Each structure stands twice: as structure tokens, then as C-alpha cells.
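Enquirer: Next input, structure requested:
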Amino acid sequence: MTFKFFTREEFDCQETGENEMKDEFIHALDALRHECGFPFKITSGFRSEKHSLEVKKPNGGGQHTKGNAADIYVDNGHQRFLVVANAVKLGFSGIGVAKSFVHVDTRTTTQVIWTY
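Expert: Model (predicted):
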């Protein structure tokens, strides 16, 4: 499967190399990237349940382990705003805002937004 702005390898688990990203999610990220109008650097995509950030979480880990989450690097407040505003508009259901990245996911539970 091909994507407009991404390669599947950009989402490999940084600790194990595994990658079980959902194609639908990467297509949703393509749409988000298009709307934002600036290149995305993915700082974290798929995470194995064995990943050090996931082993402490209950139920086999968070959204990254399900292949429907990514962290997008941002280097200023305008980029952060564009990612959040467009993610909401496009229906992403989990959004986490940090200084240097924005987490987006397509969880099927209650919609949430948080800060780090």
C-alpha cells in the first residue's frame, strides 16, 4: 500500500523494529499532513508491547501498540495549533499536546485531549 506523504518504515517501533500500523490510520495522517501544509516528522509510531514506555501500561499498552497512534514533531506554537485544530476537524479522537510534539490517535473510546 502506498501513502502520499509517508513510508511505512517511518512508523517502526524504535526498540524492536516491529510495525503493525493500520493503513487506515496512515491514510488519516496523510489527510492531516495535507491540511496542515507542512512536512511531518514522526517521532513515535508503532510501539511493541515490549517497548519500555508500554510495558508499564495496563491491558498490553496504549494506542501506539494498536497501530493507530503517532507523535508528530512540532517546533513552534503555530505548527502545534495547526496539528491540533486539523486533527479535531478530521475526527482524530485522542490528542496529546507537548512542547515538541503532538500525539494523535483514532481510539474508539471516549474522545480525549491532554497535555504532557
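
Enquirer: can you list the residues that contact stretch 59-69?
Expert: 20-22, 24-25, 44-49, 51, 53-55, 70, 94, 103-107 (CB atoms under 8 Å, 6 or more residues apart in numbering). Backbone N, C-alpha and C define where each C-beta goes, glycine included.

Enquirer: Show me what counts as buried in it.
Expert: 61-69 (16 or more other CB atoms under 10 Å).

Enquirer: Once you drop chain neighbours, what's closest to residue 41?
Expert: residue 73 (4.1 Å; CB to CB, 6 or more residues apart in numbering).

Enquirer: Tell me what the one you found is bridged to.
Expert: residue 101 (DSSP bridges).

Enquirer: contacting residues for it?
Expert: 40-43, 100-101.

Enquirer: same deal with residue 19?
Expert: Neighbouring residues of residue 19 by CB under 8 Å, 6+ apart: 8-9, 11-13, 45-46.

Enquirer: helix/strand/coil for it?
Expert: coil (DSSP: H, G, I helix; E, B strand; the rest coil).
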